[in-house]
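> starting from these lines, generate the structure:
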Amino acid sequence: MSRPAALTGRELARQFHADVVAPLLARSMPGLRYAAGRLGSGSDVLGFDDEMSRDHDWGCRLTLLVGERDRDAVPAIRGLLDEKLPESYRGLPVRFPVTWDSSLSHKIDVATVADFAVARLGVDPAAGLSPADWLILTGQSVLEVTAGPVFTDGTGELAQVRATLRWYPRDVERYVLAAGWQRLAQQMPLAGRAADRGDELGSRLISAQLAGDLVWLAFALSRRWLPYAKWRGTAFRALPIAADLAGPLSTAATAPDWRERESGLAGASEVLLAAQRARGLPAPAAAVVPFWDRPYRTVDDAIQQALLAGITDPYVARLPAGIGSVEQWADNTDVLADATRRRTLRAVYQAWAAGV
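Now for the predicted structure:
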C-alpha cells in the first residue's frame, strides 16, 4: 500500500486515535478517563514536519495519558495495545523502529500525566514549580508538553499542566529577560573591536551570536517558548514582532561591514525595547548607548537593572544577575535535551541563591 499523500503527523495521529485507538479503548476499557494527543518529540508535534520528516521517527505515533487516580490502569492499557492494535493503518506500519527504540513495537506512549510531564520537563508542574524548577526548563521541553494537539482529555490534569506552563511567573520572567539583555551588553562592543583589529571572522561570529540572542529575546518578550535550533527561524517568523525584526537581524548576521552589522544589532535592540515597554515592563528611553569613549555601541545596563529592581521574590532576588535560565548559559545538546540531567542543575541554582 502507498503512503497517504500530504498527511501531516498531527493529522495522522488524530485519525489513528479516532479510527483505531479510541474504539479499541471504548470496547475493552469502557469508562476509562484518558487524554490522547500528539505530544513529545518530533517535528510534527510543532506542526513543522514535511516529506523529509518521514525518513525516521515519523508514523502512527500517539500520546495516551491517564490521571493519577487511574495510574494502575497503565500496564493494562499497554498490554491491550500490544495485543489488539492492527499491523498497519492507512498503509503505514503500526509497529516500527525509532531512533531510541529499534524494536518493531507500537509507538503509543502510555503514562500518567505526571510521569509524562516529568519525563519531558524534569519536574512535575502539578506539584508546583519553584523558581529553580522554572529555570531548568528549556523552551523545547515545554513545547513537547504544550505545543502538540490534544484530541480528547478526560483527565482534566493535562489541561491544567499545559495551562501552568503557559509562561514564566512574573519575577522569573524579569530575571531571564534581564539576563538576555546583559548578554547583549557584554558582547556587542566586541564585534567592532575584533573587526578593528583585523579579525573579520571573529567579528562576524560575535554578530551572528548576538543576532541569536536577539531572537531569544524576541520569543521571551512575545511570551512564546523557543523551540530547538532546527525550527527556531521557522517559529520566529510566526511571532507578531518578527516583521519589524527581520531586516535588522538579517543585517546584523550578514552585512559585510561591522558598522552595518552593529547598526542591525542596535536597530533590533530598539525594536525589542519598544516591545518590552508596550508590555508594561521597565524600559529606559533607549536600548543602545556609546561604549565608554570608544567608537562602538552597546546595550544600556539600565535595562537589566530596571528589570531586576522590580523583582520581589526573595529567592529570585538572591540569584546572581545575568545568568538566567539553563538554556542561557548552557548550549550542550546532551544536557539540554535530557530532563534527568537538567534536573540535577536545580542544585546549582540552589547553591547560587545561597551565595555559594
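> could you pull up the mean pLDDT of the helix or strand hosting residue 211?
Here residue 211, judged by DSSP states H and E, is contained in helix 200-221. If you average the pLDDT over helix 200-221, you get 97.
> next SSE after it?
helix 232-236.
> and the residue positioned nearest the centre of the chain, what does it touch?
Centroid-nearest residue in the chain: residue 139, 1.7 Å away (criterion: Cα atoms, centre = their mean). Counting by Cβ atoms under 8 Å, 6 or more residues apart in numbering, residue 139 makes contact with 219, 225-227, 327. For every residue, glycine as well, the C-beta is placed using N, CA and C.
> can you do 10 Å?
147, 216, 219-220, 224-228, 232, 235, 325, 327, 336 (Cβ atoms under 10 Å, 6 or more residues apart in numbering).
> same question for residue 285.
Counted by Cβ under 10 Å, 6+ apart, residue 285 has contacts 273, 277, 300, 302.
> then residue 256?
200, 204.
> ok, residue 217 next?
176-177, 180-181, 183-184, 241, 245, 268-269, 271-273, 275-276.
> try 7 Å
By Cβ atoms under 7 Å, 6 or more residues apart in numbering, the contact set of residue 217 is 180, 272.
> shaky segments in the stretch 1-150 of the chain?
Within the stretch 1-150 of the chain, the ranges that satisfy pLDDT under 70 run 1-5.
> what are the ranges of the helices in it?
Per DSSP state H, counting those that start in this stretch, the stretch 1-150 of the chain carries helices over the ranges 9-16, 22-28, 43-46, 74-84, 113-121, 131-135, 139-146.
> how about the third one as CSV, C-alpha atoms only?
Think helix 43-46. Presented in CSV, the C-alpha positions along helix 43-46 are these (Å, rounded to 0.1, in the frame of the first residue of the first chain):
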residue,chain,number,x,y,z
SER,A,43,8.8,17.9,14.2
ASP,A,44,5.1,17.1,13.7
VAL,A,45,4.4,18.0,17.3
LEU,A,46,5.3,21.6,16.4
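> how far off centre is that helix?
12 Å (Cα atoms, centre = their mean, to the nearest Å).
> so what touches that helix?
8-10, 38-39, 49, 53, 58, 143-144, 147-148, 227, 231.
> show me what counts as buried in that helix.
Judged by neighbour count (16 or more other Cβ atoms under 10 Å), helix 43-46 contains these buried residues: 43-46.
> next, count neighbours for residue 103.
9 (other Cβ atoms under 10 Å).
> how close does it sit to residue 97?
Distance of residue 103 to residue 97, computed by Cβ to Cβ, to the nearest Å: 7 Å.
> and what of residue 174?
From residue 174 to residue 97 the distance is 45 Å (Cβ to Cβ).
> just checking, what packs against the longest helix seen in the chain?
The longest helix of the chain (DSSP state H) is helix 170-196. With contacts defined as 3 or more Cβ pairs under 7 Å, 6 or more residues apart in numbering; DSSP states H and E, helix 170-196 has these neighbours: helix 131-135, helix 200-221, helix 258-278, strand 297-299, helix 301-309, helix 314-318, helix 326-329.
> apply 10 Å and report the result again.
Where contact means 3 or more Cβ pairs under 10 Å, 6 or more residues apart in numbering; DSSP states H and E, helix 170-196 is packed against helix 131-135, helix 200-221, helix 258-278, strand 288-290, strand 297-299, helix 301-309, helix 314-318, helix 326-329.
> pick the most buried one from these.
strand 297-299 (a mean of 25; mean count of other Cβ atoms under 10 Å).
> avg pLDDT for that one?
On average, strand 297-299 scores 97.
> equivalent analysis for stretch 152-167, please.
pLDDT averaged over stretch 152-167 gives 96.
> now do it: distance to the chain's middle.
17 Å.
> before we move on, what about stretch 81-100?
With Cα atoms, centre = their mean, you get 29 Å for stretch 81-100.
> over to stretch 241-252?
21 Å.
> so which bits of it are buried?
Those would be 241-242, 244-245, 248-249, 251-252, for stretch 241-252 by 16+ other Cβ under 10 Å.
> contacts for it?
Here stretch 241-252 has contacts from 188, 191, 207-208, 210-212, 214-215, 217-219, 221-222, 224, 233, 235-237, 239, 260-272, 274-275, 278, using Cβ under 10 Å, 6+ apart.
> of all the helices of the stretch 1-150 of the chain, which one is nearest residue 313?
Closest of these to residue 313 is helix 131-135, at 6.5 Å (criterion: Cβ to Cβ).
> now the contacts of helix 43-46 in JSON lines, with neighbour count?
Below are the contacts of helix 43-46 laid out as JSON lines (neighbours: other Cβ atoms under 10 Å):
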{"residue": "8", "neighbour count": "17"}
{"residue": "9", "neighbour count": "25"}
{"residue": "10", "neighbour count": "19"}
{"residue": "38", "neighbour count": "25"}
{"residue": "39", "neighbour count": "28"}
{"residue": "49", "neighbour count": "19"}
{"residue": "53", "neighbour count": "15"}
{"residue": "58", "neighbour count": "21"}
{"residue": "143", "neighbour count": "22"}
{"residue": "144", "neighbour count": "26"}
{"residue": "147", "neighbour count": "18"}
{"residue": "148", "neighbour count": "23"}
{"residue": "227", "neighbour count": "24"}
{"residue": "231", "neighbour count": "16"}
